[in-house]
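K.L.:
could you work out the structure for the sequence below:
(one chain, ligands or ions: 1)
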Amino acid sequence: MKRKVKVRVPATSANLGPGFDSIGLALQIYNELTLSVAAGLQPTVEVVGEGAASLPRDGSHLSLRAADSLFKAAGLKPPTWNLHQSNRIPPGSGLGSSAAAIVGGLYAANTFLPDPFSRERLLELAIELEGHPDNVAPALYGGMVISCRGCGRWHTFHDAPFPGLRLLLALPELTLSTSEARRVLPEQVPRSDAVFNTGRAAALTAALLTGNEEPLSWATEDRLHQPYRCPLIPGAEAALAAARRAGASGAAISGAGPSIIAFWFERGEADLRAGNVAAALEDAFTGAGIRCRVISTTVDNNGVTLLI
Ligand code: HSE
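P.N.:
Next up, the predicted model:
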C-alpha cells in the first residue's frame with residue numbers, strides 16, 4: 001500500500017445568488033493535505049495556516065472522518081492516519097472550507113485503496129458527508145458546477161467559465177455557521193419567488209459560460225436565501241449594493257456567508273474596477289461597524305489535484 005500522498009484542494013463559492021444548493025465555483029485559493037499511514041494506534045493531526053487555532057487535532061478532524069468513511073464504503077478497515085494540513089481557506093467564512101476538508105480527505109485516502117473509487121462515487125460520498133452538493137462538487141471537479149439530484153442519483157454539469165472572470169471576496173470578521181444560516185430559511189416559498197430564481201439561475205449560468213456580462217447584475221439577484229440571511233450579516237446588504245455601484249457586474253453572499261463575492265469579466269483594458277469594488281466592499285462593512293479583509297482571486301479549473 002502507498003505510504004504518503006499530498007493533495008491540493010480549492011476553496012469554493014456556492015449559490016452565486018440564485019443557484020441555492022445547486023451552483024458553485026472553484027477558486028484559486030487552496031488547502032494542501034498530506035496524508036500517510038501511521039505506525040501507532042492514535043492518529044496525528046497538524047494544521048498550519050487558516051484555522052490552525054480552532055481545528056481539531058484528533059480523529060474528529062473532518063478530513064480524517066472523510067478518509068475513514070471512504071475505507072468503510074470500500075468494505076475495508078481504515079488505517080491510523082497522520083494528517084498535515086496547510087490551509088489558506090478561512091473556516092466558517094462561506095468559502096467551502098468544510099467541503100475542502102471532505103474532498104481532500106476522500107481524494108487522498110482514495111489513492112490508498114487497491115481499487116480506487118471514481119470521481120462520481122467520491123462526489124456521492126462527499127455529498128453524504130456535507131449534506132448539499134454545491135461546494136463539494138466544484139472542489140472535486142473545478143470550474144463552475146451545477147449539481148442536481150434526479151432518478152435516485154446526483155448529476156453534475158461542469159465546465160470552465162468564460163476566460164477573464166475576476167473575483168473579489170470580502171470576508172467580514174464575523175462567524176456564521178452554515179447550520180444557523182440554513183435555520184432561518186423558510187420551508188416553503190411563494191411561486192413568484194421560485195419563478196424569480198429559476199430564470200435568473202439559468203441566465204447566470206449562460207452568462208458565466210459565454211462571457212455575456214450584461215445579465216450578471218440582475219441574474220445574481222435571489223429570493224430563496226439572501227433576503228433571509230442578510231439580516232444575520234451586518235453590512236451585507238450595503239456591500240452587495242456598493243459592489244455593484246462600484247463596477248462589479250455580479251455580487252452575492254458566498255455560500256451561506258458571511259463572505260460576499262463580487263465578480264465581472266476583465267476585458268484587457270486597464271481595469272480600475274478591482275480597486276473601486278474592494279474599497280466599496282470595505283467601506284460598506286466598516287459602515288456597519290465590521291472589519292473585513294478583501295481577497296482577489298480567479299477561477300480554479302482543475303479541482304482537487306494530486307501533488308505527490
Ligand atoms: N448551499 C449551501 C447554503 C452552501 O447556502 O446553505 C453552504 O456553504
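K.L.:
check which residues of whichever helix or strand Ala242 is part of are buried.
P.N.:
Per DSSP states H and E: Ala242 is located in helix 236-245. By neighbour count, with 16 or more other C-beta atoms under 10 Å as the criterion, the buried positions of helix 236-245 are Ala236, Glu237, Ala238, Ala239, Leu240, Ala242, Ala243, Arg244. C-beta coordinates here come from the backbone N, C-alpha and C atoms, glycine included.
K.L.:
average pLDDT for the next helix or strand after it?
P.N.:
Read in the C-terminal direction, the helix or strand following helix 236-245 is strand 250-253, with elements assigned using DSSP H and E. Per-region confidence: strand 250-253 scores 98 on mean pLDDT.
K.L.:
packing partners of the host helix or strand of Ala280?
P.N.:
Using DSSP H and E, the element containing Ala280 is helix 273-287. Other helices and strands packing on helix 273-287, by 3 or more C-beta pairs under 8 Å, 6 or more residues apart in numbering; DSSP states H and E, are strand 165-172, helix 236-245, strand 260-265, strand 292-298.
K.L.:
ok, residues contacting the helix holding Ala242?
P.N.:
Under the criterion C-beta atoms under 8 Å, 6 or more residues apart in numbering, residues 168, 170, 172, 217, 226, 229-230, 251-253, 257-258, 260, 262, 277, 280-281, 283-285, 287-288 lie in contact with helix 236-245.
K.L.:
do I have it right that Ala170 meets Ala262?
P.N.:
Yes: counting by C-beta atoms under 8 Å, Ala170 does reach Ala262; the two are 7.4 Å apart.
K.L.:
so where do the helices sit in the stretch 1-150 of the chain?
P.N.:
Along the stretch 1-150 of the chain, the segments classed as helices by DSSP state H, counting those that start in this stretch run 62-73, 97-110, 119-130, 136-141.
K.L.:
does the second one reach the ligand?
P.N.:
Which is helix 97-110. No: Helix 97-110 lies out of reach of the ligand by C-beta under 6 Å from any ligand atom, never closer than 7.4 Å.
K.L.:
quick one, that helix and helix 62-73 angle?
P.N.:
Angle of helix 97-110 versus helix 62-73, following axes from the mean of the first three to the mean of the last three C-alpha atoms, to 10 degrees, is 50 degrees.
K.L.:
correct me if wrong: Ala52 contacts Asn87.
P.N.:
Yes: counting by C-beta under 8 Å, Ala52 does reach Asn87; the two are 7.1 Å apart.
K.L.:
which one is the residue of the chain found nearest the ligand nearest to, not counting chain neighbours?
P.N.:
Of all residues in the chain, Gly255 sits closest to the ligand, with a separation of 3.2 Å (C-beta to the nearest ligand atom). Of all residues beyond its chain neighbours, the one nearest Gly255 is Gly94 (3.8 Å), with distances taken as C-beta to C-beta, 6 or more residues apart in numbering.
K.L.:
residue contacts, that neighbour?
P.N.:
Ser13, Ala14, Leu176, Ile253, Ser254, Gly255, Ala256, Gly257, Pro258, Ser259.
K.L.:
let's see that with 6 Å instead.
P.N.:
Residues in contact with Gly94 (C-beta atoms under 6 Å, 6 or more residues apart in numbering) are Ser254, Gly255, Ala256, Gly257, Ser259.
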